[in-house]
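build the 3D model from these lines:
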Amino acid sequence: MSAQPQALWQLWPMQPQHLDQVMPIEDASYTHPWTRGIFEDCLRVGYSAWVVCDAQGQVLAYALMTMAAGEAHVLNICVAPGQRRHGLAAFLLRHLIMIARAASVTLMLLEVRVSNLGAQQLYAGFGFNQIGRRRGYYPATDGREDALVLALEL
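Have a look, this model is predicted:
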(Lines give C-alpha, C1' and ligand atoms only; values in the text may rest on other atoms or scores of the structure.)
Protein backbone atom coordinates (compact mmCIF):
# COMPACT_ATOMS: atom_id res chain seq x y z
CA MET A 1 0.00 0.00 0.00
CA SER A 2 1.22 3.45 -0.80
CA ALA A 3 0.53 6.22 1.65
CA GLN A 4 -1.82 8.91 0.51
CA PRO A 5 -0.10 12.29 0.59
CA GLN A 6 -1.17 14.29 3.62
CA ALA A 7 -1.40 17.37 1.43
CA LEU A 8 -4.48 15.83 -0.21
CA TRP A 9 -6.29 15.25 3.09
CA GLN A 10 -9.04 17.69 3.92
CA LEU A 11 -10.00 18.17 7.57
CA TRP A 12 -13.58 19.24 8.21
CA PRO A 13 -15.87 19.56 11.21
CA MET A 14 -18.13 16.50 11.14
CA GLN A 15 -21.62 17.32 9.89
CA PRO A 16 -24.77 15.16 9.82
CA GLN A 17 -24.30 14.61 6.07
CA HIS A 18 -20.95 12.89 6.79
CA LEU A 19 -22.66 10.14 8.77
CA ASP A 20 -23.64 8.20 5.63
CA GLN A 21 -19.90 7.66 5.09
CA VAL A 22 -18.89 7.47 8.76
CA MET A 23 -21.28 4.64 9.64
CA PRO A 24 -19.83 2.02 7.24
CA ILE A 25 -16.33 2.77 8.62
CA GLU A 26 -17.60 2.44 12.19
CA ASP A 27 -19.44 -0.81 11.38
CA ALA A 28 -16.39 -2.31 9.64
CA SER A 29 -14.06 -1.32 12.48
CA TYR A 30 -15.79 -2.50 15.64
CA THR A 31 -17.61 -5.62 16.80
CA HIS A 32 -19.87 -3.32 18.85
CA PRO A 33 -20.01 -0.09 16.82
CA TRP A 34 -21.61 3.15 17.87
CA THR A 35 -25.09 3.70 16.47
CA ARG A 36 -25.97 6.54 14.14
CA GLY A 37 -27.96 7.98 17.04
CA ILE A 38 -24.83 8.21 19.19
CA PHE A 39 -23.05 10.17 16.49
CA GLU A 40 -26.10 12.40 16.00
CA ASP A 41 -26.23 13.08 19.75
CA CYS A 42 -22.50 13.97 19.79
CA LEU A 43 -23.04 16.45 16.98
CA ARG A 44 -26.20 17.87 18.54
CA VAL A 45 -24.50 18.68 21.85
CA GLY A 46 -21.46 20.18 20.14
CA TYR A 47 -18.66 17.71 20.77
CA SER A 48 -15.47 18.38 18.86
CA ALA A 49 -16.04 16.06 15.89
CA TRP A 50 -13.90 15.89 12.77
CA VAL A 51 -13.60 14.01 9.50
CA VAL A 52 -10.65 13.65 7.17
CA CYS A 53 -11.67 13.40 3.53
CA ASP A 54 -9.77 12.78 0.35
CA ALA A 55 -9.82 15.22 -2.57
CA GLN A 56 -13.09 13.68 -3.80
CA GLY A 57 -14.82 14.20 -0.44
CA GLN A 58 -14.69 10.54 0.64
CA VAL A 59 -14.41 10.19 4.42
CA LEU A 60 -11.18 8.37 5.32
CA ALA A 61 -11.18 8.80 9.11
CA TYR A 62 -12.93 10.62 11.95
CA ALA A 63 -12.47 11.63 15.57
CA LEU A 64 -14.64 12.87 18.43
CA MET A 65 -13.66 14.54 21.70
CA THR A 66 -15.37 16.26 24.62
CA MET A 67 -13.92 19.13 26.61
CA ALA A 68 -15.04 20.43 29.99
CA ALA A 69 -13.53 21.74 33.23
CA GLY A 70 -9.99 21.83 31.85
CA GLU A 71 -10.08 18.24 30.61
CA ALA A 72 -10.53 16.67 27.20
CA HIS A 73 -11.72 13.13 26.64
CA VAL A 74 -10.99 11.48 23.30
CA LEU A 75 -14.07 9.38 22.56
CA ASN A 76 -13.30 7.87 19.18
CA ILE A 77 -10.58 7.94 16.54
CA CYS A 78 -11.29 5.62 13.65
CA VAL A 79 -9.68 5.10 10.25
CA ALA A 80 -11.31 3.27 7.34
CA PRO A 81 -9.86 -0.25 7.05
CA GLY A 82 -8.27 0.39 3.64
CA GLN A 83 -6.65 3.62 4.85
CA ARG A 84 -4.88 2.40 7.98
CA ARG A 85 -1.13 2.77 8.53
CA HIS A 86 -0.99 5.97 6.47
CA GLY A 87 -0.80 8.43 9.37
CA LEU A 88 -4.46 9.44 9.50
CA ALA A 89 -4.94 8.59 13.19
CA ALA A 90 -1.84 10.58 14.12
CA PHE A 91 -3.04 13.46 11.94
CA LEU A 92 -6.37 13.51 13.80
CA LEU A 93 -4.81 13.08 17.24
CA ARG A 94 -2.43 15.97 16.56
CA HIS A 95 -5.44 18.09 15.60
CA LEU A 96 -7.36 17.14 18.76
CA ILE A 97 -4.35 18.02 20.92
CA MET A 98 -4.08 21.40 19.18
CA ILE A 99 -7.77 22.11 19.81
CA ALA A 100 -7.49 21.07 23.45
CA ARG A 101 -4.46 23.30 24.01
CA ALA A 102 -6.24 26.23 22.35
CA ALA A 103 -9.13 25.69 24.78
CA SER A 104 -6.71 25.80 27.75
CA VAL A 105 -7.23 22.12 28.49
CA THR A 106 -4.55 20.77 30.83
CA LEU A 107 -5.31 17.05 30.72
CA MET A 108 -6.37 14.80 27.86
CA LEU A 109 -7.82 11.36 28.67
CA LEU A 110 -8.90 8.34 26.68
CA GLU A 111 -9.61 4.64 26.98
CA VAL A 112 -8.12 2.03 24.69
CA ARG A 113 -8.75 -1.69 24.49
CA VAL A 114 -5.98 -3.79 26.02
CA SER A 115 -5.92 -5.76 22.75
CA ASN A 116 -5.44 -2.66 20.56
CA LEU A 117 -1.65 -2.57 20.52
CA GLY A 118 -1.45 -0.34 17.45
CA ALA A 119 -3.50 2.38 19.12
CA GLN A 120 -1.48 2.02 22.32
CA GLN A 121 1.71 2.60 20.33
CA LEU A 122 0.19 5.66 18.66
CA TYR A 123 -0.80 7.19 21.99
CA ALA A 124 2.55 6.38 23.61
CA GLY A 125 4.27 8.14 20.73
CA PHE A 126 2.34 11.30 21.63
CA GLY A 127 3.34 11.01 25.29
CA PHE A 128 0.20 9.42 26.76
CA ASN A 129 0.80 7.39 29.92
CA GLN A 130 -1.33 4.70 31.51
CA ILE A 131 -3.03 5.97 34.67
CA GLY A 132 -5.55 3.20 35.21
CA ARG A 133 -7.48 0.22 33.96
CA ARG A 134 -11.24 -0.18 33.62
CA ARG A 135 -12.21 -3.83 34.05
CA GLY A 136 -14.80 -5.07 31.56
CA TYR A 137 -15.18 -1.62 30.02
CA TYR A 138 -15.68 -2.67 26.40
CA PRO A 139 -18.16 -5.21 25.04
CA ALA A 140 -16.40 -8.02 23.21
CA THR A 141 -17.48 -11.02 21.18
CA ASP A 142 -16.67 -13.33 24.11
CA GLY A 143 -17.86 -11.11 26.96
CA ARG A 144 -16.09 -7.94 28.08
CA GLU A 145 -12.62 -6.48 27.55
CA ASP A 146 -10.61 -4.23 29.83
CA ALA A 147 -9.65 -0.70 28.85
CA LEU A 148 -6.42 1.04 29.66
CA VAL A 149 -6.97 4.63 30.79
CA LEU A 150 -4.36 6.91 29.26
CA ALA A 151 -3.59 10.53 30.03
CA LEU A 152 -1.55 13.30 28.47
CA GLU A 153 -0.70 16.42 30.41
CA LEU A 154 -0.90 19.44 28.15
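
element containing the closest residue in space to Thr66 that isn't next to it in sequence?
Setting aside the residues directly before and after it, Thr66 is nearest to His73 in space (CB to CB, 6 or more residues apart in numbering), at 4.9 Å. (Each C-beta comes from the backbone N, C-alpha and C, glycine too.) Per DSSP states H and E: His73 is located in strand 71-79.

residues contacting that strand, please?
25-26, 29-30, 34, 42, 47, 60-67, 86, 88-89, 92-93, 96, 99-100, 103, 105-110, 119 (CB atoms under 8 Å, 6 or more residues apart in numbering).

tell me how far the residue nearest to Thr66 lies from Val52.
20 Å (CB to CB, to the nearest Å).

which one's more surrounded, those two?
Per other CB atoms under 10 Å, whichever of His73 and Val52 has more neighbours is Val52, with 24 against 17.

mind checking how far that one is from Gly132?
Taking CB to CB, one finds Val52 at 30 Å from Gly132.

with Gln17 instead?
37 Å.

of those two, who's got more company?
Higher neighbour count among Gln17 and Gly132: Gly132, with 11 against 8, using other CB under 10 Å.

please give me every residue in contact with Gln15.
So Gln15 contacts Leu43 (CB under 8 Å, 6+ apart).

next one, pLDDT for it please.
According to the prediction, Gln15 has pLDDT 98.

in the top helix by length along the chain, what's buried?
Taking DSSP state H as the criterion, the chain has its longest helix at helix 88-102. Neighbour counts using 16 or more other CB atoms under 10 Å place Leu88, Ala89, Ala90, Phe91, Leu92, Leu93, His95, Leu96, Ile97, Ile99, Ala100 of helix 88-102 among the buried residues.
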